[in-house]
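Chemist: build the 3D model from these lines:
(one chain, ligands or ions: 2)
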Amino acid sequence: MSLLVLKFGGTSVADLDRIRNAARHVKREADAGHAVAVVVSAMAGATNQLVALVEEAWGYKAAKQNGGSELSAQYDCREYDAVVASGEQVTSGLLALVLQSMGVKARSWQGWQIPLHTDDAHRAARITGLAVDELKTRMLDGEVAVIAGFQGIAPGNRISTLGRGGSDTSAVALAAALSADRCDVYTDVDGVYTTDPRLVPKAHRLDRISYEEMLEMASQGAKVLQTRSVELAMQRSVRVLVRSSFDPPDLGGRTAEADGTGLGTLVCHEDEIVEQNVVSGIAYARDEAKVTLLKVADKPGVAAQVFGSLATANINVDMIVQNVSEAGYTDLTFTVQSADLDRALEVLRKAKDKIGYADLRGSTDIAKVSAIGVGMRSHAGVAAQMFSALAEKGINIEAISTSEIKISVLIDAAYAELAVRTLHSLFGLDSR
Ligand code: ASP
Ligand code: MG
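Modeler: Residues are numbered from 1 along each chain as shown. Ligands and ions are numbered 1, 2, ... in the order given. Presented below is the predicted three-dimensional model:
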């Protein structure tokens, strides 16, 4: 008997039919004698609707439509959390009911009932503690625990949420706390691909991918798993299987290896992967925005001032480029999530006097394309190959960032697909 955590994303619980389908997958595992916990997202689109309601309630959307920026985007994040956490409350209750209707013992759990404790960084809180004793006892007793993902409880007993896509993190945290044998993430694709197959039909599914590569894939825009969930999985050695909820619940007679490979992509430690390409995948992201500060004083403390203000507002910065321009000044360009662009601009406008700059610009017409692979550690010249292939296609590079196992370029959004296709064949990833 194994202890399994299953996670179903928004498209896998989008309506009652899909919830029934998810329930059949759960029933299959429970019938096989496994102790099962299920983590659910809200129905597809539900969280977006709730976020829109929050902005409307605060009057932010109307102000934006009228071109006005006087009204702050910084609404009370505690109330944001109170509203947006409700989507998962609905699906957890519904799945528990559907399971019961199929004769499977099941009970729903909200974040506060477990409890799953978080810090008070509302809207993107971090998990600080997770008590699973009672949950585990009941699971071992044959009761399926259906858990509302994405939510927890912050100091002061306020409901908190873990950031968009956070139910993945709920699932991995739970798997770690329960010492689960595996965390199966059911989604609308059957695994992790070398790149987005909708963009490149020659993309193929990877049987296994290392945590580090997945971390880069996730943060570089391959939306399969929330970045934090992968970090946590790596730290706690949680084996995560990304698989499809659209597989027939009886798996159509397909069988898998003991670790689940064959049914999806297993995210695991690097040393468990035998065959390794130099580049494992090409990721792209269109949800980043570029912010440029023109004519910033070239003196100590300025960057600290800029990025300090953004950090205080909980805005994550990704790529940063600084160009020394006219004497005594520099231009500073960096990227943030598009969803944070308005808040970032507002924060910087407010800090204008303290920072000191001539002009502030924001643009969302950009894309980030990345080549990722642990093999880069031992192979030189990957960057050179990549840049010349892009140059041959006439694609201009606006910014570059690298890590040991990744090279990312920022380019004009119009060239995103061409760049991804070019790199996918360049690094030998096209399936034959
Ligand atoms: N429902 C939340 C979201 O849309 C959390 C999740 O789906 O993981 O971001
Ligand atoms: Mg997700």
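
Chemist: can you list contacts of stretch 249-256?
Modeler: Outside stretch 249-256, the residues within contact range by C-beta atoms under 8 Å, 6 or more residues apart in numbering are Asn21, Arg24, His25, Lys27, Arg28, Asp247, Gly262, Leu263. All C-beta atoms are positioned from the backbone trio N, CA, C, and that covers glycine.

Chemist: and for stretch 211-225?
Modeler: In contact with stretch 211-225 (C-beta under 8 Å, 6+ apart) are residues 165, 168, 185, 187, 189, 192, 195-196, 209, 226-227, 229-231, 233-234, 240, 242, 267-270, 280-281, 283-287, 368, 370, 372-374, 403, 405-406, 408.

Chemist: and for stretch 142-149?
Modeler: 7, 26, 30, 35-41, 85, 88-89, 91-92, 95-96, 99, 104-111, 114, 135, 138-139, 166-168, 170-171, 174.

Chemist: out of the residues you listed, which are inside strands?
Modeler: The strands, defined by DSSP state E, take in Lys7, Ala35, Val36, Ala37, Val38, Val39, Val40, Ala106, Arg107, Ser108, Trp109 from those.

Chemist: nearest to ligand 2, of those?
Modeler: Taking C-beta to the ion as the measure, ligand 2 lies nearest Lys7 of the ones in strands among the contacts of stretch 142-149, at 8.8 Å.

Chemist: ok, and the closest non-adjacent residue to the closest one?
Modeler: Distance criterion C-beta to C-beta, 6 or more residues apart in numbering; nearest residue to Lys7, sequence neighbours excluded, is Ala171 at 3.7 Å.

Chemist: what count of nearby residues applies to Val317?
Modeler: 16 (other C-beta atoms under 10 Å).

Chemist: whoops, I mixed them up, Arg208
Modeler: Other residues near Arg208 come to 23 when the count uses other C-beta under 10 Å.

Chemist: what do you get for His117?
Modeler: 19.

Chemist: Provide the secondary structure category for it.
Modeler: strand (DSSP: H, G, I helix; E, B strand; the rest coil).

Chemist: check it and give its pLDDT.
Modeler: Listed pLDDT for His117 reads 98.

Chemist: ok, now which ones touch the residue nearest to it when sequence neighbours are not counted?
Modeler: Of all residues beyond its chain neighbours, the one nearest His117 is Gly129 (4.1 Å), with distances taken as C-beta to C-beta, 6+ apart. By C-beta under 8 Å, 6+ apart, the contact list for Gly129 reads Pro115, Leu116, His117.

Chemist: rewinding a little: hmm, Arg228 and the residue nearest to Lys7 touching each other?
Modeler: No. With contact defined as C-beta atoms under 8 Å, Ala171 does not count as touching Arg228 (11.4 Å).

Chemist: when those two are compared, which one has more neighbours?
Modeler: Comparing Ala171 with Arg228 by other C-beta under 10 Å, the one with more neighbours is Ala171, at 33 against 22.

Chemist: what's the spacing between that one and Ser86?
Modeler: Distance, Ala171 to Ser86, using C-beta to C-beta, to the nearest Å: 19 Å.

Chemist: sorry, back to before: mind checking which of the contacts of stretch 249-256 land in helices?
Modeler: Assigned to helices by DSSP state H, the following of these qualify: Asn21, Arg24, His25, Lys27, Arg28.

Chemist: and ligand 1, which of the contacts of stretch 211-225 reach it?
Modeler: On the criterion C-beta under 6 Å from any ligand atom, Gly165, Asp168 are the entries of those that sit beside ligand 1.

Chemist: which of the contacts of stretch 211-225 are close to ligand 2?
Modeler: Gly165 (C-beta under 5 Å from the ion).

Chemist: pull out the buried members of the contacts of stretch 142-149.
Modeler: 7, 26, 30, 35-41, 85, 88-89, 91-92, 95-96, 99, 104, 106-111, 114, 135, 138-139, 166-168, 170-171, 174 (16 or more other C-beta atoms under 10 Å).

Chemist: what's the neighbour count on the closest residue to Val132 other than its chain neighbours?
Modeler: Counting by C-beta to C-beta, 6+ apart, Val132 lies nearest to Ala177, which is 4.6 Å off, once chain neighbours are set aside. The local packing of Ala177 (other C-beta under 10 Å) involves 22 other residues.

Chemist: isn't Ala177 right next to Leu130, touching?
Modeler: Yes. The criterion here is C-beta under 8 Å, and Ala177 meets it with Leu130 at 4.5 Å.

Chemist: the residue in the stretch 251-400 of the chain positioned nearest to ligand 1: what's it in contact with?
Modeler: With C-beta to the nearest ligand atom, the shortest gap between the stretch 251-400 of the chain and ligand 1 falls at Ala339, namely 10.9 Å. With contacts defined as C-beta under 8 Å, 6+ apart, Ala339 is in contact with Arg164, Asp287.

Chemist: A helix includes it, no?
Modeler: Yes. Inclusion of Ala339 in a helix is indicated when three-state DSSP is applied.

Chemist: what residues sit buried inside stretch 407-416?
Modeler: Those would be Ile407, Ser408, Val409, Leu410, Ile411, Tyr415, Ala416, for stretch 407-416 by 16+ other C-beta under 10 Å.

Chemist: which of those fall within strands?
Modeler: Checking the buried residues of stretch 407-416 against DSSP E, those in strands are Ile407, Ser408, Val409, Leu410, Ile411.

Chemist: so how far is the strand or helix carrying Leu4 off the chain centroid?
Modeler: Using DSSP states H and E, Leu4 falls within strand 3-8. Computed by C-alpha atoms, centre = their mean, to the nearest Å, the chain-centroid distance of strand 3-8 equals 18 Å.

Chemist: could you do stretch 125-132 as well?
Modeler: Per C-alpha atoms, centre = their mean, the centroid offset for stretch 125-132 relative to its chain is 18 Å.

Chemist: can you give me the end-to-end distance of that stretch?
Modeler: Using C-alpha to C-alpha, to the nearest Å, the end-to-end distance of stretch 125-132 comes to 19 Å.

Chemist: helices of the stretch 51-200 of the chain, start to end?
Modeler: Ranges of helices within the stretch 51-200 of the chain are 60-65, 77-84, 86-101, 133-140, 167-177, based on DSSP state H, counting those that start in this stretch.

Chemist: which one of the ones you listed lies nearest to Gly152?
Modeler: Minimum separation from Gly152 across the helices of the stretch 51-200 of the chain (C-beta to C-beta) falls at helix 167-177, 7.9 Å.
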